[in-house]
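Visitor: Provided below for reference: sequence and predicted model.
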Amino acid sequence: MSDAGELLRSKRYEVCGQRGGRVNAPTRKWKRFKVDIRIRIRRSDEAGVETSVARAFELSEGGMSVYASEALEVGTLLTVELPLSSTDEPLRVRAVVRNRRGFRCGIEFIELAAADKSEIQAYLGALANVIEIPSASCSTGSAM
């Protein structure tokens, strides 16, 4: 692994109060970015609509990796609510669970509208261009 790759993986970034950073994976279709975003997942079946909260920890133009509060089955269709913009309304996208390991799921966006894709691209662009916030800036500044 190159020093640059290790350096990118070790850095933490912050955008709009959310941590984020780039994840390098040369074999992937889209660049992944480390994030820490609270999302809502809605799924419907014969029993009705169920909504749960999850944590997105990687995000790309094509999908995301999440820790869900329940084990979602591969192939499950979802509506994901992503709070990416500065508005009160989250972005709502259709998605499908592509893989799962315990409560960790790989989710692919499907039927993504052009406006939704643009909003995700803008958010990821901001993550890619953000300046690293040094950990020293988080200190209280008081000496003991």
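Guide: Cool, the structure landed. Numbers count the residues shown, from 1 in each chain.

Visitor: who's in contact with Glu73?
Guide: 97, 100 (Cβ atoms under 8 Å, 6 or more residues apart in numbering). Just so you know, the C-beta spots here come from the backbone N, C-alpha and C atoms, and that holds for glycine as well.

Visitor: Ramachandran angles for it?
Guide: Main-chain dihedrals, Glu73, degrees, to the nearest 10: phi -80, psi 140.

Visitor: Strands of this protein, start to end?
Guide: Using DSSP state E, the strands assigned to the chain run over residues 13-15, 18-23, 32-45, 48-59, 63-68, 77-82, 91-101, 104-110.

Visitor: how many neighbours does the closest residue to Glu111 other than its chain neighbours have?
Guide: Spatial nearest neighbour of Glu111, excluding adjacent residues (Cβ to Cβ, 6 or more residues apart in numbering): Arg94 at 4.8 Å. Using other Cβ atoms under 10 Å, the number of residues around Arg94 comes to 15.

Visitor: And Glu89, by the same measure?
Guide: For Glu89, the neighbour count with other Cβ under 10 Å is 8.

Visitor: and it, what pLDDT?
Guide: If you check Glu89, the pLDDT there is 88.

Visitor: try Tyr67
Guide: Per-residue pLDDT puts Tyr67 at 95.

Visitor: quick one: it and Arg101, what's the gap?
Guide: Going from Tyr67 to Arg101 by Cβ to Cβ, to the nearest Å gives 10 Å.
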